[in-house]
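In: Here is the input, now give the coordinates:
(chains A and B)
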Amino acid sequence: MIRVLTAGFYTTIQDLGRVGFAHIGVPVSGAMDGYSAQLANQLLSNNRHDAVLEMTFGNCRFLFEKEQLICITGADFSPRINEARVALNVPLHVKKGAVLSFGKQQYGVRTYVAVKGGFKSEKVLHSRSYYVGITKEILLQKGMLLPVEEQHQFTAKTFSSVKINEAHFQSSRVCCYEGPEYHLLSESQKRAIQKTLFTISKEHSRMGYRLEESIKNDLPSMLTSAVLPGTVQLTPSGKLIVLMRDCQVTGGYPRVLQLTNAAIDILAQKTTGDQFIFELLSL
Amino acid sequence: MNYNLTYKPFGEQAILIEWPSRIDLKISKDIIAFQHTIQQLQHANIADSIIGYNTLTLKYNDDLKDVDQEIAVLKKTYAKPLIVQDVTNFSWQIPVCYEKEFGIDLQEISDKSSLSIDEIIRLHTASTYGVYFIGFLPGFLYLGGLNEKLFMERKSTPRLQVAKGAVGIGGSQTGIYPTKSAGGWNIIGKTPISFFDIENELPCFANPGDEIQFVPVSVADYKRIEEQVLANTYVINKTAIND
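Out: This is a model prediction of the structure:
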């Protein structure tokens, strides 16, 4: 078991998300930066469906009430076990009674912690991903006990670390395809979407990122239809919203772009004030 | 079948199929039948299929290696007679209390529309509403069939919190908030029925192709039904829809 001493700004349990329930309005959810979450599981030889912790802006502390093998990936918030700095992207043996804490930001926004065997929180509709109205818990709380499977083996098969792909945290290019309504844009609107350096506004969450810059919007209204994580909506005010993992299943704004899955992961490590351009790929 | 459909790739993992752009029960039926046929035939590989008013979005488990090939398969499927689902659709009778403590915007709608409150309630309960699809929130039904006299612009400032079960009108739509949420619709009543209950094997009882009828109830009846819903003993009145 792992005890939450400090819950942090926004910490949840996430797996690959809730597949197969969009037809009753249930969002997919799942780790915002799926690449980093999967890396943590891989380094522990976990199942890819195992649940991990997702921390936003670090500032968390955990007490290990049992010995555990863990792995930290994603954003670097100077993790420590007791007083000693520890590395990301490598299996770590944590002794009983040790405290894992996070401090100063080095890079990125979202940090993942996997434990050997995965977190065993409540599974609802085939997933442990927290979501309001679906799981009882929606955020980690101080004092909570996080259930993990009893482990007897504390050496990883390999203690090899991976060299982290810097572009994942530094890249200012967000790859996407034309969305279903892209063809309705004029040539100048298309140019604006491809040439503008976009800035992430203060309004961003697991549901979506609203961008600062505006595009002229004279598109006709459309009937409500499906949206997906990574769909870029053009709102009536001309602002763009990039939908993220917790987004609703349907929407009524024109869907001008669709991010690649890898681009959603890259955006998940960006925050207010970060800038990027959309790079349009052809299918 | 009947319609000229367009097929578009929607990112690396999804295909969007579009019907003519209008709200039409015939189109809705065709979408449901195509969805069912696809589920019956080829598609172990489809993770989610999401219905809209005039669209069906197929989300695959993996990246589509050859989207043109997949679209060709779908076109072939649509060209043959569709398999109509061997499941009965129901018309659900949903009790709604329109008393003032729940119908908090009735007076405002009455002032703006020059319909009396009784007339608003009569018109809202006189129609049968088709369930087109479920979206927005878990268990939120997109309904068609609101009487034009009841069309009412959304509130200029959305409420930060609308109660679970609130029945509202937003523009040309009517619907039920399945959970408490922020919302800009004009609230005319409240139902004690749960449209999304994670404890149930089927968290949402309604399906696209079903119908909803609102039945006015008193505050006392509302409270009685609410207790039965909590005790899990309330059975929603329903009648089978015969095509």
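In: Please parse chain A into its domains.
Out: A:2-166, A:171-280 (automatic domain parsing).
In: Apologies, that question was intended for chain B.
Out: Chain B breaks down into these domains under automatic domain parsing: B:6-79, B:90-240.
In: pLDDT below threshold where in the chain?
Out: Went with chain A since none was named. For chain A, applying pLDDT under 70 flags the ranges A:156-161.
In: try chain B instead
Out: Ranges of chain B meeting pLDDT under 70: B:1, B:42, B:243.
In: picking up where we left off before, to chain B, which of the domains of chain A lies closest?
Out: Chain B lies closest, by CB to the nearest CB, to one member of the domains of chain A: domain A:171-280, at 3.1 Å. To be clear about C-beta, it is placed using only N, CA and C from the backbone, and glycine gets the same treatment.
In: Check chain B for its longest helix and report it.
Out: helix B:25-40 (DSSP state H).
In: Identify the neighbouring strands of the following helix or strand past it in the sheet and state each direction.
Out: Heading C-terminal from helix B:25-40, the first helix or strand you meet, by DSSP states H and E, is strand B:46-51. Paired neighbours of strand B:46-51 in the sheet (DSSP bridges): strand B:55-60 (antiparallel).
In: How far off centre is the strand it pairs with?
Out: 17 Å (CA atoms, centre = their mean, to the nearest Å).
In: orientation of that strand relative to helix B:25-40 in degrees?
Out: Going by axes from the mean of the first three to the mean of the last three CA atoms, to 10 degrees, strand B:55-60 is angled at 20 degrees with respect to helix B:25-40.
In: and the next helix or strand after strand B:55-60, what does it pack onto?
Out: Sequence order places helix B:67-79 as the next helix or strand after strand B:55-60, per DSSP H and E. Applying 3 or more CB pairs under 8 Å, 6 or more residues apart in numbering or on different chains; DSSP states H and E, we find helix B:67-79 packed against strand B:6-9, strand B:14-18, helix B:25-40.
In: elements contacting the shortest one?
Out: Strand B:6-9 is packed against strand B:14-18, helix B:67-79, with contacts defined by 3+ CB pairs under 8 Å, 6+ apart.
In: Could you do the last one as well?
Out: Judged by 3+ CB pairs under 8 Å, 6+ apart, the packing partners of helix B:25-40 are strand B:46-51, strand B:55-60, helix B:67-79, strand B:129-134.
In: center of chain B - which residue?
Out: By CA atoms, centre = their mean, the mean C-alpha position of chain B lies nearest to residue B:141, the distance being 2.3 Å.
In: Chain A versus the nearest residue to that residue once chain neighbours are set aside, what's the distance?
Out: Distance criterion CB to CB, 6 or more residues apart in numbering or on different chains; nearest residue to residue B:141, sequence neighbours excluded, is residue B:131 at 5.1 Å. Note on residue B:131: its distance to chain A, by CB to the nearest CB, to the nearest Å, is 12 Å.
In: Now do the contacts for residue B:131.
Out: B:141-143, B:206-212 (CB atoms under 8 Å, 6 or more residues apart in numbering or on different chains).
In: Go through those residues and single out the one with the most neighbours.
Out: residue B:141 (27 neighbours; other CB atoms under 10 Å in any protein chain shown).
In: so it makes contact with residue B:193?
Out: No: Residue B:141 is beyond contact range of residue B:193, at 11.4 Å (criterion: CB atoms under 8 Å).
In: Need the overlap of contacts for those two.
Out: The contact sets of residue B:141 and residue B:193 overlap at residue B:176 (CB under 8 Å, 6+ apart).
In: For residue 135, grab the count of nearby residues.
Out: Looking at chain A here, since you left the chain open. For residue A:135, the neighbour count with other CB under 10 Å is 21.
In: Not quite, go with chain B.
Out: Applying other CB under 10 Å, we find 26 residues neighbouring residue B:135.
In: hang on, it packs against residue A:223?
Out: No: using CB under 8 Å, residue B:135 makes no contact with residue A:223, being 11.5 Å away.
In: Common neighbours of the two, please.
Out: By CB under 8 Å, 6+ apart, residue B:135 and residue A:223 have these common neighbours: residue B:52.
In: what does chain A put close to chain B?
Out: Proximity of chain A to chain B is confined to A:19-28, A:124-125, A:132-134, A:177, A:179-180, A:222-226, A:228, A:230-231, A:248-250, A:255, A:258-261, A:283 under the rule CB under 8 Å from any CB of the partner chain.
In: repeat that for 7 Å
Out: By CB under 7 Å from any CB of the partner chain, the residues of chain A that approach chain B are A:19-20, A:22-26, A:124, A:133-134, A:177, A:180, A:223-226, A:228, A:230, A:248-250, A:258, A:260-261, A:283.
In: Which of those residues fall in helices?
Out: Judged by DSSP H, helices contain the following of these: residue A:261.
In: which of the residues of chain A next to chain B are buried?
Out: Among the residues of chain A next to chain B, those buried by neighbour count (16 or more other CB atoms under 10 Å in any protein chain shown) are A:19-20, A:22-26, A:124, A:133-134, A:177, A:180, A:223-226, A:228, A:230, A:248-250, A:258, A:260.
In: In strands only, show me those.
Out: Under the assignment DSSP state E, those contribute A:177, A:225-226, A:250, A:258 to strands.
In: Tell me which two of these sit farthest apart.
Out: Largest separation among these by CB to CB: A:177 and A:250, giving 19.7 Å.
In: for the stretch 151-283 of chain A, what spans make up the helices?
Out: Using DSSP state H, counting those that start in this stretch, the helices of the stretch 151-283 of chain A run over residues A:167-170, A:187-195, A:261-267.
In: Return the most buried member of the ones you listed.
Out: Comparing the helices of the stretch 151-283 of chain A by mean neighbour count (mean count of other CB atoms under 10 Å in any protein chain shown), helix A:261-267 comes out on top with a mean of 21.
In: Show me what that helix is packed up against.
Out: If you count contacts as 3 or more CB pairs under 7 Å, 6 or more residues apart in numbering or on different chains; DSSP states H and E, helix A:261-267 packs onto helix A:34-43, strand A:173-178.
In: If you count neighbours, what's buried in the last one?
Out: It refers to strand A:173-178. Within strand A:173-178, the residues scored as buried using 16+ other CB under 10 Å are A:174-178.
In: Could you do the first one as well?
Out: Going by neighbour count (16+ other CB under 10 Å), the buried part of helix A:34-43 is A:34-41, A:43.
In: and the host helix or strand of residue B:175, which strands flank it?
Out: Following DSSP H and E, one finds residue B:175 within strand B:173-176. With DSSP bridges as the criterion, the sheet partners recorded for strand B:173-176 are strand B:166-170 (antiparallel).
In: Before I go, just wanted to say thanks for your time.
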